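J.: Sharing a sequence plus its predicted fold:
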Amino acid sequence: MSKKASSEKQASRNSQTQGTDFFDTHIAQYERALQHIDVLPHVRLILGQPKNEIIVNFPVKLDNGEYQLFTGYRIQHNNIMGPYKGGIRFHHDVTLNEVKALAAIMTYKCALLEVPFGGAKGGVALNVHKFSRSEVEKITRRFTHDLGNNIGPEYDIPAPDVGTNSQVMVWMMDTYMNMHNLSDKNAQRRIVTGKSLTSGGSRGREKATGQGVVYSIQEWADENNFRLDGATYTLQGFGNVGSHAAAILSKLGASLVAVMDHTGSIANEEGINVRKLTEHVKATGGVRGYTSCNDVTADEFWAMKCDICIPAALELQIDERVASMMNCRLIVEGANGPTTLDGERVLIEKGIEVIPDLMANAGGVVVSYFEWVQNKRSESWQLQEIDERLHFMMRRAYHDMRAFAREHNTDNRTAAYAVAVGRINSVYGERGIFP
Ligand SMILES: NC(=O)C1=CN([C@@H]2O[C@H](COP(=O)(O)OP(=O)(O)OC[C@H]3O[C@@H](n4cnc5c(N)ncnc54)[C@H](O)[C@@H]3O)[C@@H](O)[C@H]2O)C=CC1
Ligand SMILES: O=C(O)CCC(=O)C(=O)O
C-alpha cells in the first residue's frame, strides 16, 4: 500500500472504529471532574443525559431524480444557562452518540467561557463531498424544515461545524424565515450564527475558533515563558479551525511542520507555507498533492517532533497508541474530543500538557454569541472590538481553568469541566427544582 493510501486508511480508522464510545468518554471526563466539586444529586442526574433528543428521517430528491433518505439529529443537552447553542455537522460518521457528546461539551464550554447559552449540537449523516451544491442546499432546507419549532432565535440557535459553513447557515436562516411569519424579520436572523457577513454574520466569526486556539496558546506561552516565534507545530485538519489557526500562528512566527487531513498527511521540517497550502486546499479539496512537502504516513505525522500539536479534525484521534508516539510539549484541542481516555493517560504520564476542547476551541461560540447580540440589537461591531472582547473572555476562562488545576492538583480538562459544572450547579441550587 502507498504511504498516502495508508495515511488515509489510518485517519479514517481512527474516526470510525472509535466513534461509538465518544459519549462514554465524555461521561467519564465529566464524572472525573465531579470528584473535585460538590454537586447536587439531581444536577448530576440532569447533566448525565441530554434534555431532548430530536431525530428526523427525511427524503431528498437528488440531481439524478432518485430519492434518498437522510437521518438528522438535534440534541439539546441543557439550557439552564440560556438558549441551546451549538453547531451542525454534515459528516458520514455522524451518530446519535457522537452528537450527544458534542451537545454536552457545548453546555460546559459556554459555562466555562461565561457565554449565556446552553448546549446543543446537530448533525446529518452524509458525505458532503459526494453531493452537489444544490443537493446540499436541499438537504439543509429539508432538515431545517423538519426541525420545525425545535429551533428558534431565543430557544436553540445552530452554527457551523464540520462539513457546514456560512452558506449552509444562510440556507438554514432563509428556510426558517420562510416557515415563520415573523414581524421583525431582521432580528430573526439570529436563528443561526456563523452566517456570511452580507446576510447578517459577524466580523471575525469565520476565524474565531482558530483565533481562540491561538489566544489559548499565547496564554500558555506566557505562563511557561515559551517563545512562539520560531516554535514548531503540527496540525490535524485544515478546515475552518485548522487553517485559520495556522494563518494566525504564521504571523506570530511559528512554523507548521506537518499537516494531516482526510486526503492524507504531508510534512516539511523546514516549515510549510500556510498561505500557499491554503490556496492548494481551496483548489483541490485537501492537503494531498501539495508540493514542497513529503508525503508521510499517519504514524509518521503523529510521531513528528514539534513543540505544539493541534488536532483540529474529529474526535477520538489521539488514542493510547498515537499518544505513545507523540513527541511534543503541548496539545491544543481545536477539535472537540480528539483525545481518548487512554490517550490522555499516556500524555499525562509523558508530561505532555493538554489545553482541552472546552477551553481551546471556545472562540467560535464566543463570537457566535457576539453575532447573536449584534443581530438582536441591529448593530455591526468592528473587528478590533470583537477580537478584544474575545481575547478578554478566552484569557479569563484560561486563568479560571488554571487556577482550579493548581488549587486541586488536576489536569486542565478536569479543571475546565469542574469550573463549568460548578457554575451550572450554583444556578440549579439557587433556582431549585420545579416539581
Ligand atoms: N467551526 C467551528 O467554529 C468550530 C469547530 N470545532 C471543532 O473543530 C473541528 C474541526 O471543525 P471545522 O474546522 O469547522 O471543520 P471543517 O469541515 O471546516 O474541517 C474539517 C477538517 O478535518 C479534516 N478531516 C476530516 N476527517 C478527517 C480524518 N478522518 N482524518 C484527518 N482529518 C480529517 C478535513 O479534511 C478538514 O480539513 C471539529 O471537531 C469541530 O467540532 C470546535 C469549535 C467551533
Ligand atoms: O458557534 C457556535 O454556536 C457553536 C460552535 C460549536 O459547535 C462548537 O464550539 O463546537
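T.: Good, I have the coordinates. Numbers count the residues shown, from 1 in each chain. Ligands and ions are numbered 1, 2, ... in the order given.

J.: what's the helix or strand for residue 158?
T.: Using DSSP states H and E, residue 158 maps to strand 156-160.

J.: Not counting that strand itself, show me its contacts.
T.: Here strand 156-160 makes contact (C-beta atoms under 8 Å, 6 or more residues apart in numbering) with 74, 76, 79, 83-88, 117, 120, 122, 150-151, 166, 168-169, 172, 190-194, 240, 364-365, 368, 372. C-beta: built from backbone N, CA, C; applies to glycine.

J.: Return only those of those found close to ligand 1.
T.: Applying C-beta under 6 Å from any ligand atom to the contacts of strand 156-160, one finds that 240, 364 fall near ligand 1.

J.: Mind checking which of the contacts of strand 156-160 are buried?
T.: For the contacts of strand 156-160, a burial check counting by 16 or more other C-beta atoms under 10 Å picks out 74, 76, 79, 83-88, 117, 120, 122, 150-151, 166, 168-169, 172, 190-194, 240, 364-365, 368, 372.

J.: Can you tell me the SS state at residue 212?
T.: The three-state label given to residue 212 by DSSP: H, G, I helix; E, B strand; the rest coil is helix.

J.: Just to be sure, which of the buried ones among the contacts of strand 156-160 are found in helices?
T.: Using DSSP state H, 166, 168-169, 172, 240, 364-365, 368, 372 are the members of the buried ones among the contacts of strand 156-160 that sit in helices.

J.: Can you lay out these as CSV showing distance to residue 66 and pLDDT?
T.: Listed next are those as CSV, based on distance: C-beta to C-beta, whole Å; pLDDT from 0 to 100:
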residue, distance to residue 66, pLDDT
166, 29, 98
168, 23, 98
169, 27, 98
172, 24, 98
240, 31, 97
364, 36, 98
365, 38, 98
368, 36, 98
372, 38, 98
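
J.: check whether the strand holding residue 158 contacts ligand 1.
T.: Yes: using C-beta under 6 Å from any ligand atom, we find that strand 156-160 touches ligand 1 at residue 160.

J.: do the same with stretch 387-400
T.: No: on the criterion C-beta under 6 Å from any ligand atom, stretch 387-400 is out of touch with ligand 1, staying 12.4 Å away.

J.: and the closest residue to ligand 1 within the chain, how many residues sit next to it?
T.: Ranked by C-beta to the nearest ligand atom, the top residue of the chain for proximity to ligand 1 is residue 239, at 1.8 Å. Applying other C-beta atoms under 10 Å, we find 22 residues neighbouring residue 239.

J.: Use 599 as the first number from now on
T.: Sure thing, new numbering starts at 599, so read that last one as residue 837.

J.: Kindly reformat the ones in helices among the buried ones among the contacts of strand 754-758 as a markdown table and extend each row with distance to residue 741.
T.: Shown next, in a markdown table, are those (distance: C-beta to C-beta, whole Å):
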| residue | distance to residue 741 |
| --- | --- |
| 764 | 17 |
| 766 | 10 |
| 767 | 12 |
| 770 | 8 |
| 838 | 20 |
| 962 | 21 |
| 963 | 21 |
| 966 | 19 |
| 970 | 21 |
